[in-house]
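>>> just a sequence and a predicted model for now, questions to come.
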Amino acid sequence: MTMNNLDIHYGQPHNAQTFTVPMRGIDDLEFYDRLATELKTFVLAVKAKYPYLSFGISNDVYVGDRIIHRVYVYMPEHCYTLGAIAYGDFRRGDYSSEREEKKEFVVWSPNIRNMRIKDGNGRYRASSSSIDKAVSIVGKQVRPFTSTSYLMIAGERMVNGYANEINSAREKTNKARSKITSDPNMYWQDLLNVHSAQKAGLSEPPKLTPTLSNFLDDYVFQVGDTQELIDKATCKVLQVRVTADGFEVNPIQLSERLLESDYSTAYGTVDFGPMTRYLGDSLPKHIQEKISTLDMVHATNTHEASFLLGVGWISYKKRLYYIVDI
């Protein structure tokens, strides 16, 4: 199986600067009467040429009687918006000198690279005074997401979440161990007993003193399951996207540094494997079970949840999952 080496050092360009946001934060644009006249013309022209595209506005913003000058572009089957279109002068923050207002038809997309702009969402913006040219830009640059796109959107948060949970589990077990290891009197006699038994060539190990035995029982009770999850931690993960007719699954090989005790960030590269489609209920049982576990554990959580060791992480409930491939 051929794996592609991908850098998830940063989530960019799939982020808020490209107007790539979760669809749960977007309301469909049902009525066009609040759009600025030019934007309405732009939206209708795009819709006529690319009927598979839809438009929406953030549900965190109260529109009221205000005129809308920018809308998100999306496809219902994708769980993140593909970008945005607008009409106006959006050059603020481009580090240019004062100039006269210049209103244009504007497109944002993670596929756009404006090398003249050093920072801000202008790096991912293209514009034109011609509506025909602007519509053409939408067709070329506002493209459906691929499996790789989803990894670039969610990969950094996934790996950071995984690393943070591993480190938290290690801290928990180390704290429990320190109750024993910080006091030599706790285990010294048992250590001498083991040493004596080895010297004498005894085939049976000596019994532990009651004090140490009780502390070890407490340790196993408190963090035994946690330690098992740490021991089983793996760099193999599956990206699972729910589609209209089934599932798309890609294998991911994370950096081995993930399992190092001081690893805490997603900086680096991953190996991303080819996608396998599963129709209907044909998804392998072990993947189905882990998705069901994540949905059950985070049943009341409508936003991103924490990584569950041994199971995985929900990037977008009912749409995008990362499953530990044990």
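Good, I have the coordinates.
>>> based on its surroundings, how many neighbours for Ile252?
Using other C-beta atoms under 10 Å, Ile252 has 23 other residues around it. Just so you know, the C-beta spots here come from the backbone N, C-alpha and C atoms, and that holds for glycine as well.
>>> where does this protein have low pLDDT?
Across the chain, the ranges flagged by pLDDT under 70 are 1-3, 7-14, 60-65, 92-99, 118-120, 261-268, 301-304.
>>> can you give me the helices in it?
With helices called from DSSP state H, the chain shows them at 37-49, 131-141, 147-181, 184-200, 210-232, 285-297.
>>> helices or strands up against the shortest one?
In terms of contact count using 3 or more C-beta pairs under 8 Å, 6 or more residues apart in numbering; DSSP states H and E, helix 131-141 is assigned the packing partners helix 37-49, strand 83-88, strand 104-108, strand 125-128.
>>> name the helices or strands packed onto the third one?
So the one you mean is strand 104-108. Counting contacts by 3+ C-beta pairs under 8 Å, 6+ apart, strand 104-108 packs against strand 83-88, strand 125-128, helix 131-141.
>>> highest mean neighbour count out of the helices and strands packed on helix 131-141?
Of those, the one with the most neighbours on average (mean count of other C-beta atoms under 10 Å) is strand 104-108, at a mean of 26.
>>> so what strands line up beside that one?
When sheet partners are counted by DSSP bridges, strand 104-108 sits next to strand 83-88 (antiparallel), strand 125-128 (antiparallel).
>>> any chance of those strands in TSV, plus distance to Tyr321?
Output for the strands paired with strand 104-108, formatted as TSV (distance: least, C-beta to C-beta, whole Å):
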stretch	distance to Tyr321
strand 83-88	24
strand 125-128	32
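>>> nearest to Leu151, of those strands?
Nearest to Leu151 among these is strand 83-88; the distance by C-beta to C-beta comes to 18.2 Å.
>>> how about Asp271, what does it touch?
Neighbouring residues of Asp271 by C-beta atoms under 8 Å, 6 or more residues apart in numbering: 3-6, 252-253.
>>> out of those, who has the most neighbours?
In terms of neighbour count, Ile252 stands highest of the contacts of Asp271 at 23 neighbours, by other C-beta under 10 Å.
>>> wait, it sits on Leu258?
No - using C-beta atoms under 8 Å as the test, Ile252 is too far from Leu258 to be in contact (11.1 Å).
>>> pull up the overlap in contacts between those two.
Counting by C-beta under 8 Å, 6+ apart, no residue touches both Ile252 and Leu258.
>>> how close does Thr186 get to Thr37?
Quick fix: residue 186 is Met, not Thr. Distance, Met186 to Thr37, by C-beta to C-beta, to the nearest Å: 79 Å.
>>> run through the residues that contact the residue nearest to the spatial centre of the chain.
With distances taken as C-alpha atoms, centre = their mean, Ala154 lies nearest the centre of the chain, 2.4 Å away. Ala154 makes contacts with 11, 315-316, 320, 322, as judged by C-beta under 8 Å, 6+ apart.
>>> now the residues you listed as JSON lines including neighbour count and distance to Ala197?
Listed next are those as JSON lines, based on neighbours: other C-beta atoms under 10 Å; distance: C-beta to C-beta, whole Å:
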{"residue": "Gly11", "neighbour count": "16", "distance to Ala197": "56"}
{"residue": "Ser315", "neighbour count": "25", "distance to Ala197": "53"}
{"residue": "Tyr316", "neighbour count": "19", "distance to Ala197": "57"}
{"residue": "Leu320", "neighbour count": "22", "distance to Ala197": "55"}
{"residue": "Tyr322", "neighbour count": "27", "distance to Ala197": "48"}
